[in-house]
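Asker: got a sequence here, can you build the structure:
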Amino acid sequence: MNYPDVKRTILRSSLPLRLVERLQDHDVDVVKPIVSVFCVLFSQGHIHQGIVQVILDALKTFDNEDPSIQACGATILVVMAGNANRRNILCEVCAIHASFRLFMRNASPQDADTFLQRMEYFGLLKEL
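Answerer: Sure thing, here's the model as predicted:
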């Protein structure tokens with residue numbers, strides 16, 4: 001099997017969506033290679049679904065005590081910020097998340113995540 005065949009097979013499978021789910025793993029040995037694959041697929045424009053969840057998961061990594069997990073989250077955010085098509089959604093999600101946490105002082109970070117997920121579901125995010 002040559003490289004283009006492997007690439008085509010991967011992109012036709014549900015692997016890109018599974019990568020998004022696996023980014024939530026707390027084992028750095030699992031997350032590091034997944035982050036690498038995710039960033040390559042994202043940079044090439046192959047991942048279009050689950051972007052808001054990936055941003056929220058990347059933001060959550062900063063609450064983790066393990067610097068390797070934090071670095072994985074930072075890598076994802078830097079790759080997204082470098083993508084002209086997705087930079088605006090990254091800014092929008094981060095601004096809404098930060099505003100929600102600032103002005104709704106009794107709300108938890110999970111409340112902010114739920115709020116953004118509902119906005120995405122109902123099509124209220126401008127950049128998606």
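
Asker: who are the neighbours in contact with the residue nearest the centre of the chain?
Answerer: The residue lying closest to the centre of the chain (CA atoms, centre = their mean) is Val54, at 1.7 Å. Counting by CB atoms under 8 Å, 6 or more residues apart in numbering, Val54 makes contact with 20, 23, 38, 76, 80. No exception for glycine: its C-beta is placed from N, CA and C like everyone else's.

Asker: closest to Phe122 out of the residues you listed?
Answerer: Phe122 lies nearest to Val20 out of these, by CB to CB, at 20.1 Å.

Asker: closest one of the contacts of Val54 to Lys60?
Answerer: Ranked by distance to Lys60 (CB to CB), these are led by Leu23 at 9.9 Å.

Asker: that closest one: neighbour count?
Answerer: Leu23 is flanked by 22 other residues according to other CB atoms under 10 Å.

Asker: now do Ala81
Answerer: Counted by other CB under 10 Å, the residues lying close to Ala81 total 13.

Asker: right, and it touches Ile89 too?
Answerer: No. Assessed by CB atoms under 8 Å, Ala81 is found out of contact with Ile89, at 10.6 Å.

Asker: let me know the next secondary structure element after the helix or strand hosting Ala81.
Answerer: Element membership for Ala81, per DSSP states H and E: helix 67-82. Moving toward the C-terminus from helix 67-82, the next helix or strand (DSSP H and E) is helix 87-103.

Asker: could you point out which element follows that next one?
Answerer: Note on helix 87-103: by DSSP H and E, the next helix or strand toward the C-terminus is helix 109-121.

Asker: just the buried residues of that next one, please?
Answerer: 112-113, 116, 119-120 (16 or more other CB atoms under 10 Å).

Asker: reformat the residues you listed as TSV; add distance to Ile47.
Answerer: What follows is the buried residues of helix 109-121, written out as TSV (distance: CB to CB, whole Å):
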residue	distance to Ile47
Ala112	23
Asp113	19
Leu116	18
Met119	20
Glu120	15
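
Asker: on that earlier part again, helix/strand/coil for the residue nearest to the centre of the chain?
Answerer: helix (DSSP: H, G, I helix; E, B strand; the rest coil).

Asker: could you do Gln24 as well?
Answerer: Using three-state DSSP, the structure places Gln24 in coil.
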